[in-house]
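S.K.: this is a predicted model, with the sequence first.
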Amino acid sequence: MRKNSERLAELLLVLVVLIWGANFIVMKAAFRELPPLAFNAVRMTVAAALMGGIWLVRERQRKMPWSDWLKLAGVGLLGNTCYQVLFAIGLDLTTSAISSLLIGTIPIWTALLAMALGWERISTRTWVGIALAFGGVVLVTLGSPQGNSSTQDLLVGNLLTLGAAICWAGYTVLSKRLLERYSALHVSAVGLLLGVPGLWPFALPDLLSLNWRALPLSVYGSIIYTSCLSIALAYLIWSYSIQQLGAARTAIFNNIVPVVTFALAFVVLHEPITWLQLVGGAIVLGGVWQTQSPSPAKLRLDRTSSPANGRRR
């Protein structure tokens with residue numbers, strides 16, 4: 001029975017990898033019809049309502065002290081406002097393949113932030129992984145083809161996406177204390193409910209000027225996909241997999257997401273990919289894998305404090 005449960009978890013994680021890998025493609029395509037900040041505010045609102053409903057149904061949580069409400073509001077603003085704004089604008093300016101790769105560096109920033117706060121020590125093995133990942137990011141950036149975007153736009157998009165990755169790393173690190181007292185579902189759902197309203201001031205001008213009736217049905221399909229599948233369904237599968245496989249084995253699947261995105265971006269969006277990008281991408285993935293490999297001083301943060309380690313998404 002145990003082996004069957006583990007195999008089911010692994011099969012479901014493959015589904016999550018495909019969902020998250022395609023998520024960048026779906027969002028990038030939707031940005032052609034709807035401004036990125038407007039699209040992101042709508043899909044995150046749907047996700048917050050859905051996750052909030054699941055939280056209310058599955059948990060009868062005791063009352064939280066005001067101090068914890070404030071902490072959850074802080075991490076919610078960091079992970080669901082700042083991250084999402086930077087992520088949406090960055091994805092709009094760079095390619096979906098590069099975006100998925102840069103978001104995949106979240107474990108690197110998580111390790112560095114935890115070290116800076118004095119919560120964890122970084123082993124030699126992890127430092128090697130960090131150095132590899134940064135070197136790979138440089139190669140990916142230098143090898144980025146212009147396509148329909150200017151070099152400056154790509155550079156700004158890459159920097160904003162890295163900023164988003166740092167925000168989510170901060171969310172992960174600062175959520176650690178809350179996760180010692182509350183479930184991952186509780187922290188994720190309440191963080192969404194408190195953080196998502198911060199997206200609306202950025203999106204409101206675009207939303208008010210939109211002709212919603214003129215939007216194609218594909219946009220509404222993209223909203224459903226990126227909220228219901230990429231966040232709600234994927235989170236539930238991720239949590240189940242943690243129970244069956246543990247955090248370390250589950251987190252490894254996250255490293256496959258950029259590979260899926262690169263392939264889909266090339267086939268579906270016809271995004272050009274250079275050899276330098278492929279080499280740099282392989283180095284980044286190798287560096288991230290190195291930091292997540294078991295070691296005596298391995299970072300012990302719960303990477304599942306939300307639907308994704310770098311949700312990303």
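M.R.: All right, it came through fine.
S.K.: and after the lowest-mean-pLDDT helix or strand in the chain, which helix or strand comes next?
M.R.: When each helix and strand of the chain is scored by mean pLDDT, DSSP states H and E, helix 247-254 comes last, with a mean of 72. Per DSSP states H and E, helix 247-254 leads on to helix 257-267 as the next helix or strand towards the C-terminus.
S.K.: just after that next one, pick out the following helix or strand.
M.R.: Next along the chain after helix 257-267, taking DSSP H and E as the criterion, comes helix 275-292.
S.K.: residue 281: neighbour count?
M.R.: Here the count is done by other CB atoms under 10 Å, and residue 281 has 24 residues near it. Backbone N, C-alpha and C define where each C-beta goes, glycine included.
S.K.: surely it touches residue 135?
M.R.: No: judged on CB atoms under 8 Å, residue 281 makes no contact with residue 135 at a distance of 11.7 Å.
S.K.: overlap in contacts of the two?
M.R.: Residues touching both residue 281 and residue 135 (CB atoms under 8 Å, 6 or more residues apart in numbering): there are none.
S.K.: surely residue 199 touches residue 44?
M.R.: Yes: assessed by CB under 8 Å, residue 199 is found in contact with residue 44 at 5.9 Å.
S.K.: which neighbours do those two share?
M.R.: What both residue 199 and residue 44 touch, as defined by CB under 8 Å, 6+ apart, is the set 80, 84.
S.K.: so which elements touch the helix or strand hosting residue 57?
M.R.: Using DSSP H and E, residue 57 falls within helix 36-58. Applying 3 or more CB pairs under 8 Å, 6 or more residues apart in numbering; DSSP states H and E, one finds that helix 36-58 contacts helix 2-30, helix 83-93, helix 184-195, helix 200-209, helix 217-224.
S.K.: can you add mean neighbour count, distance to residue 122 and mean pLDDT and give those helices back as TSV?
M.R.: Converted to TSV, the helices and strands packed on helix 36-58 look like this (neighbours: other CB atoms under 10 Å; distance: least, CB to CB, whole Å; pLDDT from 0 to 100):
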stretch	mean neighbour count	distance to residue 122	mean pLDDT
helix 2-30	18	27	90
helix 83-93	24	23	95
helix 184-195	23	24	90
helix 200-209	14	35	93
helix 217-224	15	39	94
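S.K.: got these as JSON lines, with distance to residue 255 columns?
M.R.: Converted to JSON lines, these look like this (distance: least, CB to CB, whole Å):
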{"stretch": "helix 2-30", "distance to residue 255": "9"}
{"stretch": "helix 83-93", "distance to residue 255": "19"}
{"stretch": "helix 184-195", "distance to residue 255": "20"}
{"stretch": "helix 200-209", "distance to residue 255": "31"}
{"stretch": "helix 217-224", "distance to residue 255": "25"}
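S.K.: could you dump the host helix or strand of residue 114 to PDB, C-alpha only?
M.R.: According to DSSP H and E, residue 114 maps onto helix 106-116. Only the C-alpha atoms of helix 106-116 are listed here, as PDB (Å, rounded to 0.1, in the frame of the first residue of the first chain):
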ATOM      1  CA  ILE A 106      14.300  30.500  -5.600                       C
ATOM      2  CA  PRO A 107      16.100  27.800  -3.500                       C
ATOM      3  CA  ILE A 108      19.300  29.700  -4.000                       C
ATOM      4  CA  TRP A 109      17.900  33.000  -2.700                       C
ATOM      5  CA  THR A 110      16.200  31.100   0.100                       C
ATOM      6  CA  ALA A 111      19.500  29.700   1.300                       C
ATOM      7  CA  LEU A 112      21.200  33.100   1.100                       C
ATOM      8  CA  LEU A 113      18.400  34.900   3.000                       C
ATOM      9  CA  ALA A 114      18.300  32.200   5.700                       C
ATOM     10  CA  MET A 115      22.100  32.600   6.100                       C
ATOM     11  CA  ALA A 116      21.800  36.400   6.200                       C
END
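S.K.: buried sites along that helix?
M.R.: 106, 107, 108, 109, 110, 111, 112, 113, 114, 115 (16 or more other CB atoms under 10 Å).
S.K.: run the angle between it and helix 247-254 for me.
M.R.: Helix 106-116 runs at 130 degrees relative to helix 247-254, counting by axes from the mean of the first three to the mean of the last three CA atoms, to 10 degrees.
S.K.: so who does the residue nearest to residue 24 when sequence neighbours are not counted touch?
M.R.: Nearest residue to residue 24, sequence neighbours excluded (CB to CB, 6 or more residues apart in numbering): residue 96, at 3.9 Å. By CB under 8 Å, 6+ apart, residue 96 lies in contact with 24, 25, 27, 28, 261, 264, 265, 269, 271.
S.K.: out of these, who's nearest residue 143?
M.R.: Each of these was scored against residue 143 by CB to CB, and residue 271 proved nearest at 12.9 Å.
S.K.: thinking that closest one is in contact with residue 97, fair?
M.R.: Yes: Residue 271 lies in contact with residue 97 (CB under 8 Å); the separation is 5.8 Å.
S.K.: right, I'll call it a day here.
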